[in-house]
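missing the sequence, but the structure's below:
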C-alpha cells in the first residue's frame, strides 16, 4: 500500500494504486470462473447420481417382482421402465422333476446425462438365486 498526499494536505492517507486494483480484480475474476466451472460439474454429478438411483430402484423392483411370482411361471424377458432398459434371464437349478431354485440374472442399462455421446450407456448386472420351495 502506498501513501500519497491529497490536495496538498500534509497528512498521509492510505490509498491503492491502479496496479493493485487490477491485480485484485483479475484474481477475483479467476476465482469466480473456477467457482462457476465447479458448480457446473457438481450439477452434472448430481444429475448422474439421480440417474444411478433410478436404475438401482428399477432393478430392485424387478427383482422383487421376480421373487413374488411362482417358479413355474417365471420366464426370461426384457422391459423399459422410466428410461432404464432391463433384461433378465431365468434358469432352473436342481432336480429335473422340479427346480429347487431359479438362477436369476438381471442387467439394467442407462445413459448418463453428463456423457451425451452415442455408446455411453452404462450397464449394471445382478446375479442371484431364489428358492422355489
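Nice, thanks for sending it over. Keep in mind that what you see is a predicted model, and the values were worked out from it rather than measured.

kindly state the beta-bridge partners for the nearest residue to residue 74 once chain neighbours are set aside.
Nearest residue to residue 74 in three dimensions, chain neighbours excluded: residue 90, at 5.0 Å (CB to CB, 6 or more residues apart in numbering). C-betas here are computed from N, CA, C, even on glycine. Beta-bridge pairing for residue 90 (DSSP bridges): residue 104.

so how far is residue 131 from residue 101?
Noted for residue 101: a distance of 5 Å to residue 131, by CB to CB, to the nearest Å.

so which of those two has more stuff around it?
Remark: of residue 101 and residue 131, residue 101 carries more neighbours, 16 against 12, as counted by other CB atoms under 10 Å.

would you confirm that the more buried one contacts residue 90?
No. Here residue 101 does not reach residue 90: they are 10.6 Å apart, not a contact under CB atoms under 8 Å.

now do the strands in this protein.
Per DSSP state E, the chain has strands spanning 2-6, 9-15, 77-81, 84-93, 101-111, 121-131. These are given in chain order.

show me what contacts the nearest residue to residue 48 once chain neighbours are set aside?
What sits nearest to residue 48 in space, not counting adjacent residues and going by CB to CB, 6+ apart, is residue 112, at 4.8 Å. Residue 112 sits next to 48, 51, 120, 122 when contact means CB atoms under 8 Å, 6 or more residues apart in numbering.

can you get me a residue count around the second one?
Number of residues near residue 51 (other CB under 10 Å) recorded here: 19.

how close does the closest residue to residue 126 other than its chain neighbours sit to residue 54?
Here the nearest residue to residue 126 in space, its sequence neighbours aside, is residue 106; by CB to CB, 6+ apart that works out to 4.5 Å. Noted for residue 106: a distance of 15 Å to residue 54, by CB to CB.
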